[in-house]
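Chemist: structure of the sequence below:
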Amino acid sequence: MEKVNLEHELCDFLDELGLGGNYWLVGDNESLLQALSVRIPSEALHTGVPDTSDVLDQCSVLILSSSQSELNKEVFEQLECSDARPIIILLDDRLLPESVQNRLHAIGYKLPPVQPKQRPFYVVESIELSHKKYFDVAGYWESRYASGRNSGAGSYGRLARFKAHFLNHFVKKNKIQSVLEIGCGDGAQLSLAEYPQYTGLDISPTIIEHCSQTFAHDSSKRFHVYKPESFDPASVQSELALSLDVIYHLSNDEVYEYYLKHLFAASTKFVIIYSNASSEQGNRAGINEASGYVRFRDVLSDVEEWYPGWNLVKAVPNSYPFSAINPNNTSFADFFVFERSSDEKLAESKTADFDRFGSDKIINTLMMFDENAKGLADDVNSANKKIDVLAKEIRKLDSSYKLQDSLNQAHQTILALQEELGTERERYNELESQFINAQQQIGELEGKLRVSEAGYQDVSEQYRQLSEQHDDITARYRAANSKYRDGCQQLYALKSSHAYKAGLHVKAASGSVVDAVKLPVRLWRLRRPSRSGSNWRINLRQGLRYIKWNIVVPAATRLGIPYHRVAHLTLPQAAQRRLDQAASRSSQHNSVKARPGSTSGAEVLFTPPSAAAEEISILGWPAPSDNGKPVVLAVMDEFTEGCFGSDLRLLQPRPDNWYGLARKYPPAMVFIESAWKGNGGSWQYRVGTYNTKPGQELQQMAGWARQEKIPTVFWNKEDPVHHDKFMEAAGLADHIFTTDQNMVDSYRKRTGNKSVHALPFAAQPALHKPAPLRGRLNKSCFAGSWYGNRHAERGEAMKWLLASANKHGLDIFDRNHGTGIFPFPEEYQGGIRGSLPYLELCKEYSRYRVFLNVNSVTDSPTMFSRRVFELMACGTPVVSTYARGIAELFDSDAVWLVRTEAEAEEAIHTLLNDDDEWRRRSLAGIREVFSGHTYAHRLNSVFEIIGSDERIDTTPELLLVAHAEHRAELDQLLSFAQGQRYRNFRLLIESPVTSSSDMSAAPEKVELVTAVEQAEAVQQSEKNGYQAVGRVSSSHRYGTYYLQDLVNAMSYQPEAAGWAKACSEDAFSYDVDTRLSAAIWRPKAFQLEWLRSDDRSVSSSSLFCTDTDEFSADHSQGNCGELQDA
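Modeler: Okay, here's the model as predicted:
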């Protein structure tokens, strides 16, 4: 079996080599000789020891199968005397002792022997790979193309585009009218070419037939089979002859020489060779010269020696030099342009600048290193993710093995049970007879049962009466208990009142002289009002803040001062110190107390822990993310953490370490929400009002924040349903926010706090990102729980809304799946997709064409499901039952509100079948949410209300540049600036047709500048605070929301280097065709390439393209191309 395998492997290896010439088999191996004779022509297969060294001249393969050292020694002696250097195949590495290896090394062989692909034999090749001169070039390529393979990676992707860009520019610049390409391949490269007349030659008849069919409609192209031995260059004379990725594929010396001769003879002006320049490249790691069809040539030296009438006039390095890490998208080939010399041009002939060539090649190589480094980093991250997945799979396999053990045990149990079954069958027979007797007894007992049932009914009636009495007593007990609690609270309030305390002091004075002496002082202390030195300071700050934002900032920006230079103005340090000194003169306490007069009840004292206890409490606690955002001390549930976490540096303490964290990372604000569990469950029962609380940490934290003059914010996201549950916690805060505007007056009345405001839900760009229609499931989806007979109005609306959707296909993510609580009816069970955590559910938003929403609160102007905002941000149209908040809060009709089953049927059917209507509502929702309803917008509202200077930038400043050659183009650009909905931009127009005096009616922030001023502004753009720079063209149409859509994309794709409108279809992805003048870029990216490039089609892996709305390109402008990633 091993011998058969050896013969099979050896024959396969020889087929892969594809060598002609003679084959020598040394040694007695009849079975191998028989196997070889089937594949190798008899005239080429020789056996035994060559008589003379001359016999080896045409030998390409030498196979040593004999263990007789004398025979092998004789063969090597003949080899030393011959110029031939065939490839040597050893059927046993012992056939090549060290002494023989030294002799082979001396005549140019690479040692030690290697095993190709772990095959059962060894191979020795000459350093110059001399055996490749016998390679059957024509046979290889014909076989390759006939099997359906293509020309290789170099004819596709960015390498093909690089070649096409160079050649098209060369043809156009030199006015070439006819092009000949020897080795045209499968036509993939040709499809990118722009040649007036083209003739393609290839050694493979199969591929010539393929190209002829592919370009049959194009009369400017023709194709012929290239036969080197009979080719006549005069028959295909052209101004330009091309050789692209061919020369290093000509491993046969004879074919190589023919090829160069025909290439230069067929051209009348130019020859362009795209290949390696030196045979030394074969030693570079990753370049596969070991393949039979690859052999590197010193082509520049050969052309200089063989064709002295041709000058090398230009050498252009590859933009994507070879990298072993990414071999399919890089190449070792460069462009070399030769020009035929004439007597007239001989004196002025120029040669290629190889210094420039070398420096450009080094630069391109360094850029490729940078690309590889980024790719390797991505690969490492991907590998880490795969490792995590594999780790999970391993854990699953461990569970599977344990399950298998359980199954084996269960099998043994089954065998034991089968034995017991035999015994039980015998018992069954006995019991069957007993059953007959029992049936007779049952008849007798049924009679007695009927008598008992009559008595049971009497007892049941008595039980019902007793139950009613018990319920009545329980209700009266609860009422009495409630009155008792009210009485206790009144008593406690009475005891806490000044009158009661005064009475106690008077009573004590009546019985003690000492107390009588202290009585006036005690009464004076009760009467003395508490002082607060902070109100005037707050009022002063609010007045200064009003002057800053309503007078100073607008006036400065009109005067041309950049917005960012005045937006962060603060009081001088001296004034700040005087304010602080005045505030410090207000009453201070050694202990922190909750605010008197709030609903929090009695004062709660807080004594700070010792320094050691404080340090221990935060030991090992991670620092908040360093994202440059404000630090906020927060108590939040999981949903709210996901919504605010990307816009803040959240500190989410436990009740036992809030003080230590606040001291180590001083917060700008304390944020408390209506949390049920809070910060991983550590605040459960501490925020809401319960009969008993684990501790008073919330009151202590709020009191500490007030003492430290840190604003405290409370947000009830559970209004109105759980309004009372969190009223006590709301009373602790300086500022109260609610999702329901209707609850504002209740908070003001019950807490005495006037700073109460509505704060609706919103979307988080880091989680909720738009997606196009393509790829979405053509069905509806609902996420939530079944209300059924609960909440009668919502339950009834849910029934007819889901029933309408179920006719067209409905998936449901059931919040209570697997718990048995409030299950969905049977007709929906086929669409149940389980339950998902919040972050996983966010990923499902963009997978469906329609999402459904049912509102439990319908009369609030601000309160409705947060999922509505999130779905709109994902570009998913929502069909929702009516809610006043949805109708009033949004300006667009992105949410389709329905009040009846018929309206729901119309809405769902339309959105599932009408792509135009779906897209209109999808884009309207994206635009509305990212323009004003993200959590960054909500936080800015909070900062404004609490008097903080902190802001999250939601309106980045843009710099736009444009050129106007004619007055009509200038008017078009002015119209663009006037019509944009987004206004925080500056447009610099370079134009020779008008002067600054003609710009008096131009929109604000539009300036006429020189080319030098425009370039200087771009260079200084990042320094001057511009976050993006873009080009505008008068040749294209821009809609009102063009800039707004791109600014929105900056918020949900901040990692991109640029943002653009797609040109063919809505994409919301990278590597999509667009235009240079349909994009804005990071300042460094713009400076790197875009300023000096003409307007043209581009695509890039760092350029994020959105939808096609609001932009229409004039495709007659510019050329197509691909830009390198910035």
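Chemist: report the buried residues of the strand or helix carrying residue 841.
Modeler: Using DSSP states H and E, residue 841 falls within helix 838-844. By 16 or more other C-beta atoms under 10 Å, the buried positions in helix 838-844 come out as 842, 844. (C-beta placed from N, C-alpha, C; glycine too.)
Chemist: can you report how many residues lie near residue 389?
Modeler: Residue 389 has 10 neighbours, counted by other C-beta atoms under 10 Å.
Chemist: next structured bit after whichever helix in the chain runs longest?
Modeler: In the chain, assigned by DSSP state H, the helix with the most residues is helix 354-496. Following helix 354-496 in sequence order, the next helix or strand is helix 498-511 (DSSP H and E).
Chemist: who does that following helix touch, helix- and strand-wise?
Modeler: Contact partners of helix 498-511 among helices and strands, from 3 or more C-beta pairs under 8 Å, 6 or more residues apart in numbering; DSSP states H and E: helix 513-527.
Chemist: now the helix it packs on against helix 498-511, angle please.
Modeler: Calculated by axes from the mean of the first three to the mean of the last three C-alpha atoms, to 10 degrees, helix 513-527 forms an angle of 170 degrees with helix 498-511.
Chemist: I'd like to know which elements the longest helix of the chain is packed against.
Modeler: Using 3+ C-beta pairs under 8 Å, 6+ apart: helix 354-496 touches strand 310-316.
Chemist: ok, the strand it packs on: who's next to it in the sheet?
Modeler: Sheet pairing for strand 310-316, assigned by DSSP bridges, gives strand 334-340 (antiparallel).
Chemist: tell me the angle the strand it pairs with makes with helix 354-496.
Modeler: Strand 334-340 and helix 354-496 are oriented at 150 degrees to each other (the same axes, to 10 degrees).
Chemist: other residues contacting strand 334-340?
Modeler: The contact list for strand 334-340 (C-beta atoms under 8 Å, 6 or more residues apart in numbering) reads 166, 170, 264, 267-277, 299-300, 303, 307, 309-318, 345, 349, 352, 357, 361.
Chemist: again, only this time at 7 Å
Modeler: Strand 334-340 is contacted by residues 166, 267-274, 277, 300, 303, 309-318 when judged by C-beta atoms under 7 Å, 6 or more residues apart in numbering.
Chemist: what about residue 1050, distance to residue 101?
Modeler: Using C-beta to C-beta, to the nearest Å, we find residue 1050 at a distance of 66 Å from residue 101.
Chemist: and residue 660, that's in a helix?
Modeler: Yes. Residue 660: assigned to a helix according to DSSP: H, G, I helix; E, B strand; the rest coil.
Chemist: pLDDT score for it?
Modeler: Looking at residue 660, its pLDDT stands at 94.
Chemist: ok, it touching residue 616?
Modeler: No. Residue 660 is beyond contact range of residue 616, at 8.3 Å (criterion: C-beta atoms under 7 Å).
Chemist: so which of the two has more stuff around it?
Modeler: The neighbour count for residue 660 versus residue 616, taken as other C-beta under 10 Å, is higher for residue 660 (21 against 14).
Chemist: what sits against that one?
Modeler: By C-beta under 7 Å, 6+ apart, the contact list for residue 660 reads 614-615, 617-618.
Chemist: return the member of those residues nearest to residue 466.
Modeler: Distance to residue 466, by C-beta to C-beta, is smallest for residue 617 among the contacts of residue 660, at 55.4 Å.
Chemist: quick one: the strands in the stretch 651-800 of the chain?
Modeler: In the stretch 651-800 of the chain, the strands defined using DSSP state E, counting those that start in this stretch lie at 669-673, 712-716, 735-738, 756-758, 777-784.
Chemist: perfect, that will be all.
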